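Q: Sequence and predicted model, in that order:
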Amino acid sequence: MTSQKGNLRSFDNTVKPHVQENASQAGTPEDLSRVLDIIQESVAPITQKRGNPDVSKHSDVQKATDAIVKARNALESANSDLKLAELELSLAKYNLESGEDIPSASLVKAVKDAEEKVAKRKDAKSKAEIELQTKLNNLHDIINS
């Protein structure tokens, strides 16, 4: 636009663009889809990550976890038995110490028997711990094969 005032001309140099907006939902771009697929594969369970879930492997995992539960229960039982034997030993020692000046043979024998019982229970607990660790290692091997 131009306008004229006397001998001076002035120009309107402002630009007034006309913008028309149309919004629509487009599909996911191919590159983004590929990145999302890679991320999904990296966090998927191993059986899905490798492509073909193995039914026998699932069965082996179930058997291994059942064996671990049994081994843990056995270890808990061994711990409980050991604790009881240690308490019985403490009681036998207390009875021996608080008894007569000359301990009776039965009190000495009770302490000795209690010490043997504690030793056996410690052995049983160690075996139960080994069994549990073996079962855990077995499960680890199954999962990683």
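A: That came in fine, so what should we check first? The shown structure was predicted, so the numbers you read here are calculated from the model rather than taken from an experiment.
Q: what's the longest helix in this structure?
A: Ordering each helix of the chain by length in residues (DSSP state H) puts helix 55-97 first.
Q: got any ranges where this protein has weak pLDDT?
A: Along the chain, segments meeting pLDDT under 70 span 1-57, 100-102.
Q: give me that answer again for 50
A: 48-49, 51 (pLDDT under 50).
Q: elements contacting the longest helix of the chain?
A: Applying 3 or more Cβ pairs under 8 Å, 6 or more residues apart in numbering; DSSP states H and E, we find helix 55-97 packed against helix 105-144. Where you see a C-beta, it was placed from the backbone N, CA and C, and this is true even at glycine.
Q: how far off helix 55-97 does the helix it packs on point, in degrees?
A: Calculated by axes from the mean of the first three to the mean of the last three Cα atoms, to 10 degrees, helix 105-144 forms an angle of 160 degrees with helix 55-97.
Q: Which strands or helices does helix 105-144 pack on?
A: Against helix 105-144 (3+ Cβ pairs under 8 Å, 6+ apart) you get helix 55-97.
Q: What distance do you get for the nearest residue to residue 121 once chain neighbours are set aside to residue 125?
A: With Cβ to Cβ, 6 or more residues apart in numbering as the criterion, residue 121 has its nearest non-adjacent residue at 4.0 Å, and that residue is residue 82. Residue 82 is 5 Å from residue 125, where distance means Cβ to Cβ, to the nearest Å.
Q: got it, and residue 78?
A: Residue 78 is 4 Å from residue 125, by Cβ to Cβ.
Q: cool, and residue 135?
A: Going from residue 135 to residue 125 by Cβ to Cβ gives 16 Å.
Q: neighbours of residue 140, just the number please.
A: Residue 140 sits with 11 neighbouring residues when counted by other Cβ atoms under 10 Å.
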